[in-house]
Each structure stands twice: as C-alpha cells, then as structure tokens.
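Enquirer: How does the following fold in three dimensions:
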Amino acid sequence: MSESPAGDKIQKLLAQAGVGSRREMEKVLEAGRVTVNGKEAKLGDRAFAGDKLAIDGKAVTQSDQSTAGRVLIYNKPEGEICSRKDPEGRPTVFDRLPKLKNSRWISIGRLDFNTSGLMIFTTDGQLANGLMHPSSEIDREYLCRVLGNVDEAMLQRMIDGVLLEDGVARFTDIVDGGGEGANHWYYVALMEGRNREVRRLWESQDIQVSRLKRVRFGRVFLPSSLRQGQWQEMERKDVEDLYQMAGLTAPKPPKILPKEKQKMERQQRKNRGVQRARKSKR
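Expert: Next up, the predicted model:
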C-alpha cells in the first residue's frame, strides 16, 4: 500500500477515501468535477496523499493507508436496499450502521431487496475493490428455499452452466439443506455476484426461490449469534484474513477512541429497539 514516487491515480485515492468505486470516480473525473489543489483534474492525472482533493468544491479527506480499514459484519433483513438513499423512502442497510467522521462505509457486494444475510462493510476503498474484483475469485454461499420439483439432472445443469441473458452462470456447489414436499432448502455457492444471479439460475429451471439468505463470503461466515438488523466489528485477526483474501497486506489496526466506541454501543442498542418495533407492527 506504499505510495508511488509519481503519485497515485486520482480515482484510486478517491476510492480509498470511500467516496465511491474506482469506476464511479473515473466518471466523476471525466465530468470535470474533481480538483486537486484547486485545479481541475483529468482522468489519468496523479496526486499525492498530501494533496487537497475536492469533488464539486467539497473537500475529500484522504484515508490513512498506513492504518487498516475498519470492517463490519451486518446481518441484512429483507426489506432493505443497498443504496445510501432511496427516492421511495425505503430503509437502507446504511441506516443502522455506526456514524463515521471523515470517512464512510463501503459495502463489499450487494444483496437485493428481498434477500437477507451476510454483508460486509469497510472504510478502506482499496480493500473493497480488491474483494469485489473478479480476479479475487471469492465464492459466495447462499441458503435458499425453492418451490418446485427438483431432480438430479436439474442440479447438474446448474453446475455445468446455464446461459442467461448476461452470459453463462453456474453454481460451483449445491448441497441439500432438507425440507419436505415442494418446499426444499439448498445451500448453493457461486463465484460471481451478478444481479439476482442465484434467483435467475433457479428460474431458468422453472423453479421459484421463496427465501434467499447469504451465509458466507469467502472465509467469512455469518455468525449465528448475529440477529437480523444487527452489526458487529470484525476482530483484528479476521480483518487480516480479509486483506489476505484481497491479495493485500493489512496495515496496523485503526484506533477507535472511547467516545466513538460508546457511540457505537448506543447505536447497537437503538438498532435492537427499532428491530423490535418493526416486528411488533407485523
């Protein structure tokens, strides 16, 4: 994570600061919305850690790359979107996360509105990009309940590969999860995270998915003790393992001040209260 003698590409620095993905930052640069030390920057320009970056005139605080990013595990309930804001006013996964100063949470992958389970958030844009890049070849595992008659030939077709509208998709593994009658549970794993890929693979076989929950991302499992709508800070050894999965070396751990830790604990208690209130209304 050392800085290049010639500086780093500006989209990389902006992504590391948690403003957005590198691809998003490239578009922002092309639109002429970025300045470096008061001068408009272009795509391909480089900058240093001490330079003053701004988007639309608003200063961007660069992340300290000598310190590892913070990482949260979140158990997403159904009925939350993965965008930061929603024109329809629906709740988002970011609503429950602890508030940050001079940085923001970046989601590592997404889940659709009706999918629950494991999500990972970090303040390190480079870590997020590394984990989401196809070259990392990190598999995801889901528990799904399906409606329909499933046979061995059908399961084998989905492992061999099925042509969908955006290319061939396949499960790398399928394990029977039990169940009776037409409703049956399966654990499925795949290497990609295309939009609604698990559901679309089953639908290609005329099978409907009635429940879908992500239970694993690479070597990170959803803790059984973590209830829906709750988050927990990842332990240092697990953060180091996450950096390794992304092909990176974990820097020194970040410092969490006592006041910030107290805020996080208050937010956790508030989340539990909101979750109970939502359940009581159902």
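Enquirer: Only C-alpha atoms from now on, for both contacts and neighbour counts.
Expert: Noted.
Enquirer: Would you mind confirming that residue 183 is in contact with residue 177?
Expert: No - with contact defined as Cα atoms under 8 Å, residue 183 does not count as touching residue 177 (10.9 Å).
Enquirer: Of those two, give the one with the bigger neighbour count.
Expert: Counted by other Cα atoms under 10 Å, residue 183 and residue 177 do not tie: residue 183 has more neighbours, with 16 against 13.
Enquirer: Who is the closest residue to that one other than its chain neighbours paired with across the strands?
Expert: Excluding the flanking residues, the one nearest residue 183 by Cα to Cα, 6 or more residues apart in numbering is residue 147, at 4.9 Å. Counting by DSSP bridges, residue 147 forms beta bridges with residue 183, residue 208.
Enquirer: if I pick the residue most central in space within the chain, what's in contact with it?
Expert: Nearest to the geometric centre of the chain sits residue 108, at 2.1 Å (Cα atoms, centre = their mean). Applying Cα atoms under 8 Å, 6 or more residues apart in numbering to residue 108 gives the contacts 119, 120, 121, 122, 128, 129, 131, 132.
Enquirer: Tell me the secondary structure of the nearest residue to residue 121 once chain neighbours are set aside, please.
Expert: Of all residues not flanking residue 121 in the chain, residue 107 sits nearest, at 4.5 Å (Cα to Cα, 6+ apart). Residue 107 carries the three-state label strand when classified by DSSP: H, G, I helix; E, B strand; the rest coil.
Enquirer: and if you look at residue 130?
Expert: The local conformation at residue 130, judged by three-state DSSP, is helix.
Enquirer: Show me the domain layout of this protein.
Expert: What automatic domain parsing lists as the domains of the chain is 8-60, 72-134+225-281, 139-217.
Enquirer: Poorly predicted segments of the stretch 1-150 of the chain, please.
Expert: 1-5, 63-68, 102 (pLDDT under 70).
Enquirer: for it, what spans make up the helices?
Expert: 10-16, 22-30, 125-132 (DSSP state H, counting those that start in this stretch).
Enquirer: tell me the most buried of those helices?
Expert: Compared across these, helix 10-16 shows the largest average neighbour count, a mean of 25 (mean count of other Cα atoms under 10 Å).
Enquirer: circling back: pull the number of nearby residues for the residue nearest to residue 121.
Expert: 22.
Enquirer: Return the distance of it relative to residue 132.
Expert: As judged by Cα to Cα, to the nearest Å, residue 107 and residue 132 stand 10 Å apart.
Enquirer: Quick check: mean pLDDT of stretch 206-215?
Expert: Averaging pLDDT along stretch 206-215 yields 96.
Enquirer: hmm, I was thinking of stretch 170-189
Expert: Here the average pLDDT along stretch 170-189 is 91.
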